[in-house]
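J.: sequence isn't available, so here's the structure alone:
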């Protein structure tokens, strides 16, 4: 009788262990899938992904699929390398002949070096806007009102050149600046 109970307990104990092992295997498989799913990333044709390993710059990835080391690597941000537009203005600036004017303009720019844009300036999009506004105010102060109205294209070209020089170290190229309105 004792031998029979021992044998039955052995069978029952095995069933208990098998019943306990199934959820553990399922949880382990779920964790493994989550880690593997986090290793494969992708970027679109016009993007570059900035990969950081433990907070340090590791490199650029993309376009297409790429892999990361789980927990150690992460994508800091994606940098769009298409041509962008930024509208900006200089409200109530004085011209050289002390006439107050409001000027609105649009800058067309592109990130040509994603590494520099990621590492050299904190928020390159905001930096473009602020640099453009400052350059526009400076240009308005150097011209008379009549010159501003008559030579919009020349003013835009001058702004484009000065912004391009300023933003070159950020990995950004200003392709053109167009003056929309002089009020």
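T.: Thanks, I have it. Computed from a predicted structure; not experimentally measured.
J.: from here on, contacts and neighbour counts on C-alpha atoms
T.: Noted.
J.: elements contacting the helix or strand hosting residue 119?
T.: Using DSSP states H and E, the element containing residue 119 is helix 114-120. Helices and strands touching helix 114-120, by 3 or more CA pairs under 8 Å, 6 or more residues apart in numbering; DSSP states H and E, are strand 47-53, strand 56-61.
J.: residue 152: which of those strands is closest?
T.: Minimum separation from residue 152 across the helices and strands packed on helix 114-120 (CA to CA) falls at strand 47-53, 33.4 Å.
J.: now that closest one, how far from the chain's geometric center?
T.: 9 Å (CA atoms, centre = their mean, to the nearest Å).
J.: pLDDT on stretch 79-96, on average?
T.: Stretch 79-96 comes out with an average pLDDT of 91.
J.: kindly report the same for stretch 145-160.
T.: 90.
J.: kindly check the end-to-end length of it for me.
T.: 20 Å (CA to CA, to the nearest Å).
J.: centre of the chain to it, how far?
T.: 32 Å.
J.: now swap in stretch 165-179 and tell me
T.: On CA atoms, centre = their mean, the centre of stretch 165-179 falls 17 Å from that of its chain.
J.: about what we covered before: name the residues of the helix holding residue 119 that are buried.
T.: Across helix 114-120, burial judged by 16 or more other CA atoms under 10 Å covers 114, 115, 116, 117, 118.
J.: what residues are up against the third one?
T.: What that stands for is residue 116. With contact taken as CA atoms under 8 Å, 6 or more residues apart in numbering, residue 116 is in contact with 169, 170, 171.
J.: hey, which of the helices and strands packed on helix 114-120 is tucked in deepest?
T.: strand 47-53 (a mean of 20; mean count of other CA atoms under 10 Å).
J.: what are the pairing partners of that strand, and which direction each?
T.: strand 56-61 (antiparallel), strand 73-80 (antiparallel) (DSSP bridges).
J.: what lies in contact with the shortest one?
T.: If you take CA under 8 Å, 6+ apart as the criterion, strand 56-61 is touched by 43, 48, 49, 50, 51, 52, 114, 115.
J.: read off the pLDDT value for the second one.
T.: In other words, residue 48. pLDDT, residue 48: 96.
J.: just the last one next, same as before
T.: Looking at residue 115, its pLDDT is 94.
J.: does it really touch residue 124, like I thought?
T.: No: using CA atoms under 8 Å, residue 115 is not in contact with residue 124, being 11.8 Å away.
J.: where's the residue nearest to residue 142 when sequence neighbours are not counted, which helix or strand?
T.: Leaving aside its sequence neighbours, residue 142 sits nearest to residue 96 (CA to CA, 6 or more residues apart in numbering; 5.4 Å). For residue 96, there is no host helix or strand (DSSP H and E).
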